[in-house]
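A.B. asks: Sharing a model prediction with you, sequence too.
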Amino acid sequence: MSNRMRKRILTAGLTIAFLYRIVRLYAATFRLTVQNEQPWMARVESGKAVVLCCWHQQFFSAIRHFRNYRPYNPPLMISMSADGELIAGIATRTGWDIVRGSSSRGGRDALRGMVSRLRARKLAAHIADGPRGPAGIVKAGLISLSQRAQADIVPFYITADRAWFFKSWDSFMLPKPFARVTLRFGETFPVPETNTPEEFEDLRLNIEARMQKGLVTP
């Protein structure tokens, strides 16, 4: 089978719909506990913009619960790769407004789209070190998005009492069926304006250092 044919099969509507059902059924087995959600939701309801962010390692476990945010129609940036097409299809069915692009392709236009949507809807999400890493390194796009939309950053972290870890760049974590999974929202980070590249980098490193405590070691 050619790569083009494989790509067509993986990104076909029926394939994505089937995988979405599988993901939801699998995630429904998790014994999920959600912590510290109300503080940032209250900020959104009061008109303050918020960007939820996590490490690429952990996003899978949040997919089912994040369907609860469907009324906000929040934007989410996903790369323009074939894998991104598959993820975008699943995320769209979960209620997210997908903006395609990444630092390596289409990033500037995608960032503009994210900013305008975040300003209007007050809620967005971002993968801090995605889509290709390095793992645990906060990309500049998260900071730029938050500054331009005048949004707070709220990281979230996933832990599980039983999980598999893939041999991938991010040590991707997949909780085992019926695992006890905790989705914990961290403290809110107000994102100030920066006037120099040095100030921007200091801010990025500060947020990175705080978030790295939530990485899970296989």
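C.D. replies: It's in.

A.B. asks: The spatially closest residue to I90 that is not a sequence neighbour is in what secondary structure piece?
C.D. replies: Spatial nearest neighbour of I90, excluding adjacent residues (CB to CB, 6 or more residues apart in numbering): Y20 at 4.9 Å. The C-beta positions use only the backbone N, C-alpha and C, and glycine is treated the same way. For Y20, the element it lies in under DSSP states H and E is helix 13-27.

A.B. asks: swap in L118?
C.D. replies: Here L118 is assigned to helix 107-121, by DSSP H and E.

A.B. asks: For that helix, name the packing helices and strands.
C.D. replies: strand 75-78, strand 97-100, strand 123-127, helix 140-149 (3 or more CB pairs under 8 Å, 6 or more residues apart in numbering; DSSP states H and E).

A.B. asks: Counting neighbours, which bits of that helix end up buried?
C.D. replies: 107, 110-111, 113-115, 117-118, 121 (16 or more other CB atoms under 10 Å).

A.B. asks: So which one of those is the model least confident about?
C.D. replies: Lowest pLDDT of these: G107, 77.

A.B. asks: circling back: touching the helix holding L118 from outside, list them.
C.D. replies: Contact partners of helix 107-121, identified using CB atoms under 8 Å, 6 or more residues apart in numbering, comprise 49, 51, 72-75, 77, 97, 99-102, 124, 126, 141, 144-145, 148-151.

A.B. asks: Of those, select the buried ones using a ChimeraX command.
C.D. replies: In ChimeraX, this line selects whichever of those come out buried by 16+ other CB under 10 Å:
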select :49,51,72,74,75,77,97,99,100,101,102,124,126,141,144,145,148,149,151
